[in-house]
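# structure for this input, please:
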Amino acid sequence: MLTTDIMDRDGFLRWLDRHNPDVVIGFVSRVMDWIQQSGRRVPEDIAFASLAVLADQSVNASGVVRHVNDIGSTGVDALVAAIHENEWGVPALQRKLLLEPVWHEGETLPERS
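Modelled structure (predicted):
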């Protein structure tokens, strides 16, 4: 596992060479560019799964789609409902709202047989 600054290309490539993983799971498609710049092919040599696939992303990455617009509007809806109900301050009971992410097959994982 590598946890580092997402802009640390050289650190990522050193880690990649040292550990030679089968798959990289990350947040930014920039990492895929770094993998390819190292001479590896995605998904033939190394797979990539994104934890934040975006609809307008230039790369058709496999991974989890978090519908950020829906998350934002759902939060606003909850806030408006609280205001309409005259709810102020920190609620006595914590509420959690979950919009389940959706898996996007993409093109960065090898086909399963």
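# in the longest helix seen in the chain, which residues are buried?
Using DSSP state H to define each element, the chain has its longest helix at helix 68-84. Using 16 or more other CB atoms under 10 Å as the test for burial, helix 68-84 gives no buried residues. The way it works is simple: take the backbone N, C-alpha and C, and place the C-beta from them, glycine included.
# Ser50 reaches Val42, doesn't it?
No - in this structure, Ser50 is not within contact of Val42 by CB atoms under 8 Å, at 11.3 Å.
# neighbour-wise, which of those two wins?
Ser50 (25 against 22; other CB atoms under 10 Å).
# would you say the more buried one is within a strand?
Yes - counting by DSSP: H, G, I helix; E, B strand; the rest coil, Ser50 is located in a strand.
# now it: closest residue in space that isn't a chain neighbour?
Once flanking residues are discounted, Ser50 sits nearest to Gly63: 3.3 Å by CB to CB, 6 or more residues apart in numbering.
# how about Val68?
With CB to CB, 6+ apart as the criterion, Val68 has its nearest non-adjacent residue at 7.8 Å, and that residue is Leu54.
# quick one: the strands in the protein?
Residue ranges of the strands in the chain, as given by DSSP state E, are 23-26, 47-53, 62-65, 102-104.
# same list (those) but as a markdown table, adding distance to Arg95 and mean pLDDT.
Formatted as a markdown table, the strands of the chain follow (distance: least, CB to CB, whole Å; pLDDT from 0 to 100):
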| stretch | distance to Arg95 | mean pLDDT |
| --- | --- | --- |
| strand 23-26 | 30 | 92 |
| strand 47-53 | 24 | 90 |
| strand 62-65 | 23 | 92 |
| strand 102-104 | 23 | 92 |
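# let's have those strands in a markdown table, adding distance to Ala82.
As requested, the strands of the chain are exported to a markdown table (distance: least, CB to CB, whole Å):
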| stretch | distance to Ala82 |
| --- | --- |
| strand 23-26 | 35 |
| strand 47-53 | 28 |
| strand 62-65 | 28 |
| strand 102-104 | 27 |
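# re earlier: so what's in contact with Ser50 and Val42 at the same time?
Thr108 (CB atoms under 8 Å, 6 or more residues apart in numbering).
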